[in-house]
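give me a model of this one.
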Amino acid sequence: MAKTLKPVFVCCECGYNSPRWMGRCPECGHWGGLEEKAQFPASGPGRATVLARAGGESRPVAVDQVESGDEYRLAVGMGELDRVLGGGLVPGSAVLIGGDPGIGKSTLMLQALASLSAGGHRTLYVSGEESARQIRYRAERLDALSSELYVVSETLLERVLELADEFAPQVLVLDSVQTLYSSGCESAPGSVSQVREVAFRVVQAAKASGRAVFLVGHVTKEGAIAGPRLLEHMVDTVLYFEGDKSHAYRILRAVKNRFGATDEIGVFEMRDRGLAEVKNPSAAFLAERPPGAAGSAVAACMEGTRPLLVEIQALASPTAFAAPRRTVLGLDANRVALLAAVLEKKAGLPLTSRDLYVNVAGGMRVSEPAADLAVCCAAASSHLDIPLPAHAVLVGEVGLAGEVRGVSFLETRLKEAAKMGFTRCVIPAAALASTPIPKALTPTGVATVAQALEELFG
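Okay, the predicted model is just below:
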C-alpha cells in the first residue's frame, strides 16, 4: 500500500491546495469548498514527461511563418450539433459537454457517433457508467447500430488511451470524465486532482494524435460542470445541454469555442426514439400560444447567429403579502424586478400591490435585453386584462428612464417575424429610419415604454 503523506485541503472549485482548513478559498473566493484529501506520492509519469511525449521538442516560430494549411472540419451529420460546434469537429480538438442527470447527454453522444459511423468514420464510445450490453440496448432503441461504432466499458485512463491508439478512431467519447481515473494519481475517481489529471492527459493525447474527443461531465447543484474550473480552460469547446425534463425541448448551448462563435444554440426534441433536431425553433416555441390571452407577448431574440421568436408570459395578480412576489422562469429575475419598477414609475402601473409571475414558454432561457419591451407589455397586458395584438412582435431594450433603446441585428429579427406570419412590429423609434422593414410588417416606432403601452392599449 502506498505511503500517505500529511493530508492537504483541496478546493472543490479551483483545486487550490492548503496545508490547513480555511472557510474561504483565497484563490477563487468560494466558501466552504475546502475538503480534506489524503496525499500520496506520485507513482506514474509526471506532467512534464507526458507533455514532452505528446508534443515533442518545440522552438519559437514567427507567427507569419507557421504553416496554416486548409481548415478541415469533420461534419457530425446532425445539423444542430454542427451549428453549435461552428460547422463541425476540428481534428485534435477537445469538447466538454455538461448537463443535468437524465437530460440526454449520453443519448446525444451515441447518436452523434452513429451519424459519424454511417459516414464511414470509425468512432469509439468509452463508458465508465454502463456496460457494453447496456449500451447495445440503448443503441437498438435509438437505431444507432453500426459496424464502425465501437463501445467499451472502462475506467482506467491508461487502458483507454491504449485502446484509442489500437483502434485509431477519428472521434472518441469519454462518458464521463468524472468516472475515469489515472494510476499516476492515487486519489479517488471524481476528485479534483483526478479530474484535472485525466483531462490534461486526454487533451494532450488528442493534440498529438489529431483525434477529436468528447468529454461528458457531471454538473453540480448550481448547474456548473463538476470539478476544478481549470477543466473548462483546458478544453477547446464547452457545451451545456439544458432543458426542463418536463418539457420535450432541449437546448445545446456553446459558452466557449476556440474554433467558432459562442452563444450559438441547437434545439432538440426528446422523443421515444431519441433526440430529434428542431429545424424551425420559432414555430416550435409558438405552436401552443393561446389566442386572445392577456399577458402573452412575442419577443424576437438572437441566439448567436440564429433569430428566435419566443413567447413571454406574465401574470399580475393582487398580493396578500406586504412585499409582492416576483417569480421568474427563463429570464434574469433582477432584470424583471427592474422592469417592474420602470412600469411603476414611468408608466403609472401600480405593480407594488401585485404579485408578478413571468415565464418564457417552452423552457427557453433568454439572457439578452432585447426582450425587455415584450416583458413590459406582457406585464401591462396581464394587469389591464387586455390581450396584445395577436400578430405583433416586440423588440427593444428598456432603460431606467423608461426609454426604449435600439438592439443589434434588428433586420434579422424582423425577417424571422415576417417569415413566421407576423404583420406588425413594435421597435425603437431611433431604429425606424435606419432599418429596412420587411414588406409584410407594419412598423410602429416607440421612444418610451409609456408610448408603447399607449400604441398597443390606447
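
so what's the backbone phi/psi at residue 164?
The phi/psi pair for residue 164 (degrees, to the nearest 10) reads phi -60, psi -40.

element containing the closest residue to it other than its chain neighbours, please.
Spatial nearest neighbour of residue 164, excluding adjacent residues (Cβ to Cβ, 6 or more residues apart in numbering): residue 172 at 5.6 Å. All C-beta spots, glycine's among them, are computed from the backbone N, C-alpha and C. Per DSSP states H and E, residue 172 falls inside strand 171-175.

number of residues surrounding the residue nearest to residue 164?
Counted with other Cβ atoms under 10 Å, residues neighbouring residue 172 total 26.

partners of it in the sheet?
Note on residue 172: beta-bridge partners residue 124, residue 213, judged by DSSP bridges.

and it, how far is that from residue 113?
Residue 172 is 9 Å from residue 113, where distance means Cβ to Cβ, to the nearest Å.

and residue 275, by the same measure?
With the distance defined as Cβ to Cβ, residue 275 ends up 13 Å from residue 113.

looking at those two, which is more packed in?
Legend: neighbour count by other Cβ under 10 Å for residue 275 and residue 113, higher for residue 113 (28 against 23).

convert the C-alpha atoms of stretch 390-399 to PDB, please.
The C-alpha trace of stretch 390-399 is given here as PDB (Å, rounded to 0.1, in the frame of the first residue of the first chain):
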ATOM      1  CA  ALA A 390     -52.100  38.600 -31.900                       C
ATOM      2  CA  HIS A 391     -49.700  39.200 -34.900                       C
ATOM      3  CA  ALA A 392     -47.400  41.800 -33.200                       C
ATOM      4  CA  VAL A 393     -43.800  41.200 -32.300                       C
ATOM      5  CA  LEU A 394     -41.900  43.400 -29.900                       C
ATOM      6  CA  VAL A 395     -38.200  44.200 -29.900                       C
ATOM      7  CA  GLY A 396     -36.400  46.700 -27.700                       C
ATOM      8  CA  GLU A 397     -34.300  47.300 -24.600                       C
ATOM      9  CA  VAL A 398     -35.800  49.400 -21.800                       C
ATOM     10  CA  GLY A 399     -33.700  51.800 -19.700                       C
END
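
neighbouring contacts of that stretch?
By Cβ atoms under 8 Å, 6 or more residues apart in numbering, the residues outside stretch 390-399 that reach it are 291-292, 297-300, 309, 339, 342, 369-370, 372-374, 376-377, 404-407, 410, 413-414, 417, 421-428, 446, 449, 452, 456.

domains of this protein?
Following automatic domain parsing, one finds the domains of the chain at 1-41, 73-279, 284-457.

okay if I get those domains as TSV plus mean pLDDT?
Output for the domains of the chain, formatted as TSV (pLDDT from 0 to 100):
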stretch	mean pLDDT
domain 1-41	74
domain 73-279	91
domain 284-457	94
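
mind giving me the packing neighbours of the longest helix that the chain contains?
Longest helix in the chain, counting residues (DSSP state H): helix 192-209. The contact analysis (3 or more Cβ pairs under 8 Å, 6 or more residues apart in numbering; DSSP states H and E) places helix 192-209 against strand 8-11, helix 47-55, strand 94-99, helix 157-167, strand 212-217, helix 230-234.

tell me which residues are up against that helix.
Outside helix 192-209, the residues touching it (Cβ under 8 Å, 6+ apart) are 10-12, 15, 37, 47, 50-51, 53-55, 92-94, 157, 161, 164-165, 172, 174, 177-178, 180-182, 184-185, 187-188, 211-213, 215, 226-228, 230-231, 234-235.

output it as PDB, restricted to C-alpha atoms.
The C-alpha coordinates for helix 192-209 follow below in PDB (Å, rounded to 0.1, in the frame of the first residue of the first chain):
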ATOM      1  CA  VAL A 192     -10.300  17.500  -8.200                       C
ATOM      2  CA  SER A 193      -6.800  16.100  -8.700                       C
ATOM      3  CA  GLN A 194      -8.100  13.000 -10.700                       C
ATOM      4  CA  VAL A 195     -10.400  15.100 -13.000                       C
ATOM      5  CA  ARG A 196      -7.500  17.600 -13.600                       C
ATOM      6  CA  GLU A 197      -5.000  14.800 -14.400                       C
ATOM      7  CA  VAL A 198      -7.400  12.900 -16.600                       C
ATOM      8  CA  ALA A 199      -8.400  15.900 -18.600                       C
ATOM      9  CA  PHE A 200      -4.800  17.100 -19.000                       C
ATOM     10  CA  ARG A 201      -3.600  13.700 -20.400                       C
ATOM     11  CA  VAL A 202      -6.700  13.300 -22.700                       C
ATOM     12  CA  VAL A 203      -6.300  16.800 -24.200                       C
ATOM     13  CA  GLN A 204      -2.600  16.200 -24.700                       C
ATOM     14  CA  ALA A 205      -3.300  12.900 -26.400                       C
ATOM     15  CA  ALA A 206      -5.900  14.500 -28.700                       C
ATOM     16  CA  LYS A 207      -3.500  17.200 -29.800                       C
ATOM     17  CA  ALA A 208      -0.700  14.600 -30.500                       C
ATOM     18  CA  SER A 209      -2.900  12.200 -32.400                       C
END
